[in-house]
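# sequence-free structure coming up:
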């Protein structure tokens, strides 16, 4: 069992930055691929970024590539999402996720979800 708790969301102006954190409980954190997904009002949940459990390989949605960076610290059981050059269209609830695949791009492969943290980008 893995429990995930996100923090770091908030209100920021367009062009600004935020860093989301996701603290995981349980001793199997390092065995899981980790990811960030987001869900805007009235839209489906979508993939944002993922990092592997092994060599730290990463993958990003095209919409955030070059602006967002995912990282993990297995000694702290924490995964981060650094978000730069934020745009109003990045406004959403951001969810931390854990799964057992190599990378975590698909909602249906997520085994554990966090409760979500709101990110609002004003224009």
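It's in. The shown structure was predicted, so the numbers you read here are calculated from the model rather than taken from an experiment. Numbering: from 1, shown residues only.
# for residue 114, phi and psi?
phi -80, psi -180 (degrees, to the nearest 10).
# Please tell me I have it right and it contacts residue 81.
No: using Cβ atoms under 8 Å, residue 114 makes no contact with residue 81, being 11.6 Å away. To be clear about C-beta, it is placed using only N, CA and C from the backbone, and glycine gets the same treatment.
# what about these two, which has more around it?
Higher neighbour count among residue 114 and residue 81: residue 81, with 27 against 23, using other Cβ atoms under 10 Å.
# Does that one fall in a helix, a strand, or a coil region?
strand (DSSP: H, G, I helix; E, B strand; the rest coil).
# That one against residue 67, yeah?
No: using Cβ under 8 Å, residue 81 is not in contact with residue 67; the gap is 10.8 Å.
# re the thing from before, shared neighbours, residue 114 and residue 81?
residue 22 (Cβ atoms under 8 Å, 6 or more residues apart in numbering).
# got a list of what the residue nearest to residue 16 when sequence neighbours are not counted touches?
With Cβ to Cβ, 6 or more residues apart in numbering as the criterion, residue 16 has its nearest non-adjacent residue at 5.4 Å, and that residue is residue 86. The contact partners of residue 86, by Cβ under 8 Å, 6+ apart, come to 12, 14, 15, 16, 17, 18, 67, 119, 121.
# Nice, that's everything, thank you.
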